[in-house]
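A.B. asks: predicted model follows, preceded by the sequence.
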Amino acid sequence: MTRTRIAGTGKALPGQERTNADLAKLVDTSDEWIAARTGIRSRRILEAGRVTSDLAAEAGRAALEKAELKASDLDCIIVGTVTPDMPMPAVAVSVQQKLGAGACAAFDISAACAGFIYGLSIGDAFIKSGQFKRVLVIGVEILSRIVDWTDRNTCVLFGDGAGAAVLTATASDERAILSTHIYADGAGVPWLNIPAGGSAEPTTVETVTQKRHLVHMQGKPIFTHAVKNISRACLTALEHNGMTAADVDWVVAHQANLRILEGVSERVGIPLDRFFLNIHKYGNTSSASIPIALDEALTEGKVRPGQLVVMGALGAGLSWGSALVRI
Ligand code: ACO
């Protein structure tokens, strides 16, 4: 049976750092509050003049290099993002052009912080079906351009970044994606959204003045559902494969809030020291957070080839999911 292997990962992070102390100069907050409530100490901000597809292509190039493949080998590019270069067309087509990938399929998916898990699931399905053999999945967000830098409830949480994984077909299940599970519940729309700029509220001077083209969030319900649904999705992945928490070497989950991950650790029954953590450095980079974390975990030699990794994420929608991977 054809399976999907993660043949290479890559990341791209802007050089400009914005620490909690920097934010305390912008809004009424403090390093103590942000670190205690979220685990975040710093985040990266993309330089003016660079766009989402620049960072996405940089991460994609790094992943291709690790997979020892060329862009022209790709059959498909999938980009998970809620911060495209422009509303139309897809970021993926600009990535295709910047990578020099040739006439392959290229499209975006909108699943917010679950974008990479959704992309992995779709790429895996394409490969298992035999339609494609090599798929590049990218999670990328330039959230600094859609947050309200005067709103302390949201601006302290997010950062910019991109992560990527090259998926290839394999006949072996020694190193392969074992399963993916993806879900959504539209009851969560009011808790996290950008109200204006779509068909519900087309952009006008008023919507811009009222900052309705920026992120609006109610943190508490998101927090509660993130703990519950990420845990449930990870446990479903294990049950589906006849495994238990004891089989898992590493959890590489969405880096939204350290306290969310502590809650997941408790519910899933996997100690926090088996969670790869980099939220302190980058904040919440939404769909980019899992592939960035995976790339760092592999590069640092923490996650080693052949180990069992469970991934889980939840974001706006609500959209959430999990993946179990023999990496
Ligand atoms: N600095 C200081 N005070 C702040 C800040 C800040 N940056 N932000 C909010 N506060 C204040 C609020 O104004 C409020 O004050 P009030 O009680 O006087 O009205 C108070 O702090 C709220 O405090 P708590 O209730 O203790 O906050 P909580 O523990 O819920 O933490 C947080 C808030 C961090 C937003 C949390 O709810 C959270 O992380 N939710 C998940 C949101 C999330 O991760 N969104 C990202 C996208 S979805 C995803 O990735 C899962």
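C.D. replies: That came through fine.

A.B. asks: from Gly301, how far off is Trp250?
C.D. replies: Counting by C-beta to C-beta, to the nearest Å, the gap from Trp250 to Gly301 is 12 Å. Any C-beta I mention is one placed from the backbone N, CA and C, and that applies to glycine too.

A.B. asks: residues contacting Asp148?
C.D. replies: The neighbourhood of Asp148, defined by C-beta atoms under 8 Å, 6 or more residues apart in numbering, consists of Thr154, Cys155, Lys211, Leu214, Val215.

A.B. asks: okay, those in CSV with neighbour count, distance to the ligand and secondary structure next?
C.D. replies: Below are these laid out as CSV (neighbours: other C-beta atoms under 10 Å; distance: C-beta to the nearest ligand atom, whole Å; DSSP: H, G, I helix; E, B strand; the rest coil):
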residue, neighbour count, distance to the ligand, secondary structure
Thr154, 21, 8, helix
Cys155, 21, 8, helix
Lys211, 14, 16, coil
Leu214, 20, 14, coil
Val215, 22, 8, coil
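
A.B. asks: burial count for the residue nearest to Pro190 when sequence neighbours are not counted?
C.D. replies: Spatial nearest neighbour of Pro190, excluding adjacent residues (C-beta to C-beta, 6 or more residues apart in numbering): Gln218 at 7.4 Å. Look at Gln218: counted by other C-beta atoms under 10 Å, it has 13 neighbours.

A.B. asks: which residues of the protein lie near the ligand?
C.D. replies: 29, 33-34, 37-38, 113, 152-153, 156-157, 192, 217, 219-220, 222-223, 226, 254, 256-257, 284, 314-315 (C-beta under 6 Å from any ligand atom).

A.B. asks: in strands only, show me the residues you listed.
C.D. replies: Judged by DSSP state E, the subset of the residues of the chain next to the ligand located in strands is Leu192, Met217, Leu314, Gly315.

A.B. asks: could you pull up the residues touching the closest residue in space to the last one that isn't next to it in sequence?
C.D. replies: If I follow you right, that is Gly315. Using C-beta to C-beta, 6+ apart and skipping residues adjacent in sequence, the residue nearest Gly315 is Cys113, 2.7 Å away. Cys113 sits next to His254, Ala256, Asn284, Ser286, Ser287, Ser289, Ala313, Leu314, Gly315, Ala316, Ser319 when contact means C-beta under 8 Å, 6+ apart.

A.B. asks: redo that, cut-off 10 Å
C.D. replies: Contact partners of Cys113, counting by C-beta atoms under 10 Å, 6 or more residues apart in numbering, are 80, 82, 139, 141, 192, 222, 226, 254-256, 284-290, 313-320.

A.B. asks: check the stretch 151-300 of the chain for the residue nearest the ligand and tell me.
C.D. replies: Gly219 (2.8 Å; C-beta to the nearest ligand atom).

A.B. asks: tell me which of Trp250 and Gly301 has more neighbours.
C.D. replies: More crowded of Trp250 and Gly301, by other C-beta under 10 Å: Trp250, with 23 against 7.

A.B. asks: which residues does that one bridge with?
C.D. replies: Val309 (DSSP bridges).

A.B. asks: please apply the same query to Asn193.
C.D. replies: Judged by DSSP bridges, the bridge partners of Asn193 are His216.

A.B. asks: quick one: contacts for it?
C.D. replies: So Asn193 contacts Val82, Ala112, Ala200, Arg212, Val215, His216, Met217, Gln218, Ala316, Gly317 (C-beta under 10 Å, 6+ apart).

A.B. asks: what's the burial count for the closest residue to the second one other than its chain neighbours?
C.D. replies: Using C-beta to C-beta, 6+ apart and skipping residues adjacent in sequence, the residue nearest Ala112 is Gly315, 3.2 Å away. Neighbour count for Gly315, taken as other C-beta under 10 Å: 27.
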